[in-house]
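[1] missing the sequence, but the structure's below:
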């Protein structure tokens, strides 16, 4: 959005399981700010056009990959509700 940061993924192996976390990285330097935690695989981050949130894919609920949105000013990620087809 304003070019001051990027969202990156960091992959680790914990207890034999792949874990991928999202981190906010400032272009000006400094340590990354960890945005997600736990044993999930949080991948494919996309910053909202207004720069206030990031959408990403995660297997954090029932090991099924779903879309989530996380506010960048703090708070919990919320699952994006699936829209039912018209019919």
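    That came in fine, so what should we check first? This one's a predicted model, so the numbers in the text were calculated from it and none came from an experiment.

[2] mind listing what residue 78 touches?
    68, 69, 70 (CB atoms under 8 Å, 6 or more residues apart in numbering). Backbone N, C-alpha and C define where each C-beta goes, glycine included.

[3] mind checking the SS state of the second one?
    Secondary structure assignment for residue 69 (DSSP: H, G, I helix; E, B strand; the rest coil): strand.

[4] So it is in contact with residue 54, correct?
    Yes - the pair residue 69 and residue 54 qualifies as a contact (CB atoms under 8 Å) at a distance of 7.4 Å.

[5] rewinding a little: nearest to residue 2, of the contacts of residue 78?
    residue 70 (18.0 Å; CB to CB).

[6] In space, what's closest to the closest one - neighbours in sequence excluded?
    Residue nearest to residue 70 in three dimensions, not counting chain neighbours: residue 77, with 4.2 Å by CB to CB, 6 or more residues apart in numbering.

[7] What of residue 3?
    residue 27 (6.9 Å).

[8] what sits against that neighbour?
    By CB under 8 Å, 6+ apart, the contact set of residue 27 is 3, 4, 5, 6.

[9] So which of those residues sit within strands?
    With strands defined by DSSP state E, the entries of the contacts of residue 27 inside them are 5, 6.

[10] which among the contacts of residue 27 gets closest to residue 48?
    Using CB to CB, the contacts of residue 27 come closest to residue 48 at residue 5, 12.9 Å.

[11] Neighbours of the closest one, how many?
    Neighbourhood size, residue 5 [other CB atoms under 10 Å]: 18.

[12] so who does it touch?
    24, 25, 26, 27 are the contacts of residue 5 under CB under 8 Å, 6+ apart.

[13] In a markdown table: the residues you listed, plus distance to residue 43 and pLDDT.
    Output for the contacts of residue 5, formatted as a markdown table (distance: CB to CB, whole Å; pLDDT from 0 to 100):
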| residue | distance to residue 43 | pLDDT |
| --- | --- | --- |
| 24 | 15 | 96 |
| 25 | 16 | 95 |
| 26 | 21 | 94 |
| 27 | 22 | 92 |
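
[14] Buried ones among those?
    Buried members of these, scored by 16 or more other CB atoms under 10 Å, are residue 24.
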